[in-house]
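Student: Sequence and predicted model, in that order:
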Amino acid sequence: MSRSVDQIIREAIDRGEFDNLPGKGKPIDLTDYFSTPEELRMAYSVLKSAGILPTEAQYLSEIAELEERLREARDETERAAIRAEIVQKRLRYDIARGR
């Protein structure tokens, strides 16, 4: 018990225990986290870790994905369709939150 957490982690790294983790070498995508209202972030993070995603969080996740698609889209017809879908998801999100 005299070993520190840092030492235990370093030893695990040396053994290669973190070599095959998903997303290794890539930046962490925190889009969903920061697109969630600040007052709900912790609760949603806990629920997400437990495999439970509230409807509101699902909508926020879908909106973030659509916004990413919008940034990448070049065709104006496709961009218009994505914008319309974002508006629809935001409306559903607002309804789910009781606004």
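Tutor: Perfect, I can see it now. Numbering: from 1, shown residues only.

Student: which residues of the protein score low on pLDDT?
Tutor: Across the chain, the ranges flagged by pLDDT under 70 are 1-2, 99.

Student: longest single helix anywhere in the chain?
Tutor: helix 76-96 (DSSP state H).

Student: how about that one: buried residues?
Tutor: Ile82, Ile86, Lys89, Arg92, Tyr93 (16 or more other CB atoms under 10 Å). Using the backbone N, CA and C atoms, a C-beta is placed for each residue, glycine as well.

Student: My guess is the third one contacts Tyr59. True?
Tutor: Spelled out, that is Lys89. Yes. Using CB atoms under 8 Å, Lys89 makes contact with Tyr59 at a distance of 5.4 Å.

Student: list residues touching both of the two?
Tutor: Common contact partners of Lys89 and Tyr59 (CB atoms under 8 Å, 6 or more residues apart in numbering): none.

Student: then the strand or helix carrying Met42 to PDB, C-alphas only?
Tutor: According to DSSP states H and E, Met42 maps onto helix 41-49. What follows is helix 41-49 as a C-alpha-only set of coordinates in PDB (Å, rounded to 0.1, in the frame of the first residue of the first chain):
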ATOM      1  CA  ARG A  41     -23.300  17.900 -16.900                       C
ATOM      2  CA  MET A  42     -22.400  16.000 -13.800                       C
ATOM      3  CA  ALA A  43     -25.700  14.200 -13.600                       C
ATOM      4  CA  TYR A  44     -25.600  13.300 -17.300                       C
ATOM      5  CA  SER A  45     -22.000  12.100 -17.100                       C
ATOM      6  CA  VAL A  46     -22.900   9.800 -14.200                       C
ATOM      7  CA  LEU A  47     -25.900   8.400 -16.100                       C
ATOM      8  CA  LYS A  48     -23.900   8.000 -19.300                       C
ATOM      9  CA  SER A  49     -21.200   6.100 -17.400                       C
END
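
Student: Residues in contact with it: which ones?
Tutor: Here helix 41-49 makes contact (CB under 8 Å, 6+ apart) with Tyr33, Thr36, Leu53, Pro54, Glu56, Ala57.
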